[in-house]
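Chemist: model the following, please.
(2 chains)
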Protein chains: 2
Amino acid sequence: MKSPLPFLLFLLVLLAPFAAADPLPSWNSGLAKQAILDFVAKVTDPDSKEFVPVPERLAVFDNDGALWPENPMPFQLAFALDELKRRLPDEPAWKDDPMVQAALAGDLPTLLADHYKGLFHIIDLTGSGMTTEEFADRVRAWFANAKHPRFDRPYDQLAYQPMLEVLGFLRANGFTTCIVSGGGADFMRVFAERVYGIPPEQVIGSYTRTVFELRDSGPVLVKTTKDLFIDDKSGKPVAIHQFLGRRPIACFGNSDGDKAMLEYTTINNPHPSFGLIVHHTDADREYAYDSSPKSSGKLVEALADAPKRGWIVVDMKTDWEKIFAP
Amino acid sequence: MKSPLPFLLFLLVLLAPFAAADPLPSWNSGLAKQAILDFVAKVTDPDSKEFVPVPERLAVFDNDGALWPENPMPFQLAFALDELKRRLPDEPAWKDDPMVQAALAGDLPTLLADHYKGLFHIIDLTGSGMTTEEFADRVRAWFANAKHPRFDRPYDQLAYQPMLEVLGFLRANGFTTCIVSGGGADFMRVFAERVYGIPPEQVIGSYTRTVFELRDSGPVLVKTTKDLFIDDKSGKPVAIHQFLGRRPIACFGNSDGDKAMLEYTTINNPHPSFGLIVHHTDADREYAYDSSPKSSGKLVEALADAPKRGWIVVDMKTDWEKIFAP
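Modeler: Prediction:
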């Protein structure tokens, strides 16, 4: 093996700026920013009684509404609707499907009723029957062409800058940062490494079973609609155990769908722990909602529990100096 | 942040011995050893056209029969049988269960018939209805007390020394080493980090769904028998996609249960790839079997395909200088 010295020196150069600069420049001074800095300081201080070894520094993040917007609808739903339109001429059976009609009419309440039943049906229609690689190609093509209706940017340029800084700050301090989201794993893995710096194996989401086939062209995995697992609410701690096998010490969410994972992270954790809720309070720069969201993202129970659980509530309007990268 | 220099220097000291010493001292010289060395050399050489970037250096390992023995029965089955006996006085309903009776009589063929149906039933009985932490405590207690009937050692001291060296050699060269085994994920995660240096999130196995509960004592995950996923045969590439989201470039197995994952790894992979089969040929020092194993581990189809697929077949008797650590 070659000497690792050049690589290690390169690492030193990379890490040097963190020694002095503010690691969270897009956060205004305040309780939320200070709470993040204090938590990271104490669990990384080897002289602290609250020190946590690197392998145990697991942080989990919801995606929609926590790392990027979920308005006017979750971005994966926007992808699915665009796919419906694109493929409709070739799928005559879809014309008699009431959920397809609701989707094409933009009838979001119908799609989101009954625990997002219509939404999952649309996602099934547009996300099964092809190989995982074909699906990833379609998602990539969509990100390259589609734009958010309000912000007029490609969807993958709408990650919250303050949260990107939190991800980087945690990783620079030995944390593993994982997404644990109701979004589809195969959808999120297409952009998560590029946008968030989170590799596929650290992206946990909803999924259905694939089927292995050895074709003339080589092995493929075909996406089906079977055995749907919805990575939301109490499914989140279940998925964390299933995929990661250890309890997080930090959890970042924004809705009642994240409440169980906040509880799993912070209640009676043998390590020091940290919970944070992004509260959407900024109608001017992003959106303002909690109990009555226009799409997903209802935040009532987790917000009510925040004081007794010690969860930090971020007021987007006052805590974030900017929302998106310029 | 403190300067990472002391830590990096410490790393250098740790890594220094690898620069000169044989990384696989328990392997006899031969085609198998040379194939491993050659593969790692070419994918890690930045000047090679076959160079593979670190994040793509994913190696997957079967466990039973590939990293440790699966005779006279898979170790997890030995655990389950001991648990049956230990708990029998408190579980009167078990007395009328034909599979429990087969298990207590040591009737392995009955337990393994019909795709291991009895085995999974016994594993269900002894691995559900308690929290994940309670289960882990029971597994830990078993490893601390039980001994292998032939080798008279604790089961977790029976990892194959040559394979431990492969794991370490790959990791020292930037590989991520994951277990992808039919064994239970919750069972393997108890020992995999200590025995193999493989952390919980890199242990993929069979699993059932857990249920999240917020108890007075804090949050727990309760093990159930629902939604069993068997991580074997074509389930292995399915699980690799589900858990890791990328294709391995190296795969180590020992039975037909690993054939699909060997195919997924090595056929038409855009990266250089490597497949290896441990052939149990050493009745004196370990066991000798392939088409007619005494327990699990049947090896017929994968062995027949090895030449055309370019999979390396390890002859345990001649390729391994020692089997276990002294």
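Chemist: quick check: residues of the stretch 101-250 of chain A near chain B?
Modeler: Residues of the stretch 101-250 of chain A lying near chain B by CB under 8 Å from any CB of the partner chain: A:132, A:172-173, A:176, A:185-186, A:189, A:199-201, A:203, A:207, A:209-212, A:214, A:217-219, A:221, A:227, A:234-235, A:237-238, A:241-246. (C-beta placed from N, C-alpha, C; glycine too.)
Chemist: and the strands in the stretch 1-150 of chain A, which stretches?
Modeler: Assigned by DSSP state E, counting those that start in this stretch, the stretch 1-150 of chain A shows strands spanning A:58-61.
Chemist: contacts for stretch A:139-146, please.
Modeler: Stretch A:139-146 is contacted by residues A:78, A:79, A:82, A:83, A:154, A:155, A:156, A:186, A:187, A:190, A:191 when judged by CB atoms under 8 Å, 6 or more residues apart in numbering or on different chains.
Chemist: please report how far the fifth one lies from chain B.
Modeler: When CB to the nearest CB, to the nearest Å is the yardstick, residue A:154 and chain B sit 22 Å from each other.
Chemist: what sits against that residue?
Modeler: Contacts were defined as CB under 8 Å, 6+ apart; by that measure residue A:154 touches A:143, A:144, A:146, A:147, A:148.
Chemist: now those as TSV including pLDDT?
Modeler: Formatted as TSV, those follow (pLDDT from 0 to 100):
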residue	pLDDT
A:143	98
A:144	98
A:146	98
A:147	98
A:148	98
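Chemist: specify which member of these is nearest to residue A:70.
Modeler: Ranked by distance to residue A:70 (CB to CB), the contacts of residue A:154 are led by residue A:148 at 11.5 Å.
Chemist: that closest one contacts residue A:159, doesn't it?
Modeler: No: using CB atoms under 8 Å, residue A:148 is not in contact with residue A:159; the gap is 11.9 Å.
Chemist: name the nearest of the contacts of stretch A:139-146 relative to chain B.
Modeler: residue A:186 (7.9 Å; CB to the nearest CB).
Chemist: how many residues are close by that closest one?
Modeler: 24 (other CB atoms under 10 Å in any protein chain shown).
Chemist: check it and give its pLDDT.
Modeler: Note on residue A:186: pLDDT of 98.
Chemist: hang on, it in a strand?
Modeler: No: assigned with DSSP: H, G, I helix; E, B strand; the rest coil, residue A:186 falls outside any strand and is helix.
Chemist: give the contact list for it.
Modeler: A:127, A:132, A:135, A:136, A:139, A:205, A:207, A:223, B:245.
Chemist: out of these, list just those in helices.
Modeler: A:132, A:135, A:136, A:139 (DSSP state H).
Chemist: neighbour-wise, give me the winner out of those residues.
Modeler: Within the ones in helices among the contacts of residue A:186, neighbour counts (other CB under 10 Å) peak at residue A:135, which reaches 23 neighbours.
Chemist: surely it and residue A:223 touch.
Modeler: Yes: if you go by CB under 8 Å, residue A:135 and residue A:223 touch, sitting 5.8 Å apart.
Chemist: common neighbours of those two, please.
Modeler: A:127, A:186.
Chemist: re the thing from before, need the buried ones from the residues of the stretch 101-250 of chain A next to chain B selected in ChimeraX.
Modeler: Those of those that count as buried under 16 or more other CB atoms under 10 Å in any protein chain shown are selected in ChimeraX with:
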select /A:132,172,173,176,185,186,189,199,200,201,203,207,209,210,212,214,219,221,234,235,237,238,241,242,243,244,245,246
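Chemist: contacting residues for the residue nearest to residue A:246 when sequence neighbours are not counted?
Modeler: Leaving aside its sequence neighbours, residue A:246 sits nearest to residue B:200 (CB to CB, 6 or more residues apart in numbering or on different chains; 5.3 Å). Residues near residue B:200 by CB under 8 Å, 6+ apart: A:244, A:245, A:246, B:189, B:192, B:193.
Chemist: now do the contacts for the last one.
Modeler: Read that as residue B:193. Residues counted as contacts of residue B:193 (CB under 8 Å, 6+ apart) are B:199, B:200.
Chemist: three-state assignment of it?
Modeler: Assignment for residue B:193 (three-state DSSP): helix.
Chemist: next one: it from residue A:196, what distance?
Modeler: 26 Å (CB to CB, to the nearest Å).
Chemist: pretty sure residue A:44 contacts residue A:173?
Modeler: Yes: Residue A:44 is within contact range of residue A:173, at 5.1 Å (criterion: CB under 8 Å).
Chemist: in chain A, which spans are helices?
Modeler: Applying DSSP H to chain A gives helices spanning A:5-15, A:31-44, A:75-87, A:98-104, A:108-126, A:132-145, A:161-172, A:185-196, A:235-244, A:259-266, A:301-309, A:316-319.
Chemist: low-scoring pLDDT stretches of the stretch 1-150 of chain A, where are they?
Modeler: A:1-20 (pLDDT under 70).
Chemist: list the buried residues in stretch A:46-61.
Modeler: A:52, A:56, A:57, A:58, A:59, A:60, A:61.
Chemist: against residue A:274, how distant is the fourth one?
Modeler: With distances defined as CB to CB, the gap from residue A:58 to residue A:274 amounts to 11 Å.
Chemist: shared neighbours of those two, anything?
Modeler: With contacts taken as CB under 8 Å, 6+ apart, residue A:58 and residue A:274 have A:249, A:250 as neighbours in common.
Chemist: which residues sit in contact with residue A:80?
Modeler: Applying CB under 8 Å, 6+ apart, the residues contacting residue A:80 are A:103, A:119, A:122, A:123, A:125, A:126, A:127.
Chemist: list the buried residues in stretch A:118-136.
Modeler: Burial within stretch A:118-136, assessed by neighbour count using 16+ other CB under 10 Å, is assigned to A:118-127, A:131-132, A:135-136.
Chemist: got a pLDDT number for residue A:178?
Modeler: Looking at residue A:178, its pLDDT is 98.
Chemist: against residue B:173, how distant is it?
Modeler: Taken as CB to CB, the span from residue A:178 to residue B:173 is 25 Å.
Chemist: need the nearest residue in space to residue A:27, chain neighbours excluded.
Modeler: Spatial nearest neighbour of residue A:27, excluding adjacent residues (CB to CB, 6+ apart): residue A:33 at 4.0 Å.
Chemist: wait, the one you found sits on residue A:26?
Modeler: No: at 9.6 Å, residue A:33 does not count as touching residue A:26 under the criterion of CB under 8 Å.
Chemist: ok, those two, which is more surrounded?
Modeler: residue A:33 (23 against 20).
Chemist: residues contacting that one?
Modeler: Residue A:33 makes contact with A:24, A:27, A:319 under the criterion CB under 8 Å, 6+ apart.
Chemist: which of these lies closest to residue B:269?
Modeler: Nearest to residue B:269 among those, with distances taken as CB to CB, is residue A:24, at 40.9 Å.
Chemist: around the closest one, how many other residues sit close by?
Modeler: 20.
Chemist: check residue A:151 too.
Modeler: 14.
Chemist: how near is the nearest residue to it once chain neighbours are set aside to chain B?
Modeler: Closest residue to residue A:151 apart from its sequence neighbours, by CB to CB, 6+ apart: residue A:158 at 6.1 Å. For residue A:158, the distance to chain B equals 23 Å [CB to the nearest CB].
Chemist: list the contacts for residue A:158?
Modeler: By CB under 8 Å, 6+ apart, the contact list for residue A:158 reads A:68, A:69, A:148, A:151, A:324.
Chemist: wait, residue A:173 touches residue A:57, no?
Modeler: Yes: the criterion here is CB under 8 Å, and residue A:173 meets it with residue A:57 at 7.4 Å.
Chemist: so what sits against both of these two?
Modeler: Common neighbours of residue A:173 and residue A:57 (criterion: CB under 8 Å, 6+ apart): residue A:44.
Chemist: grab the most central residue of chain A for me.
Modeler: Geometric centre of chain A, nearest residue: residue A:63, 1.8 Å, by CA atoms, centre = their mean.
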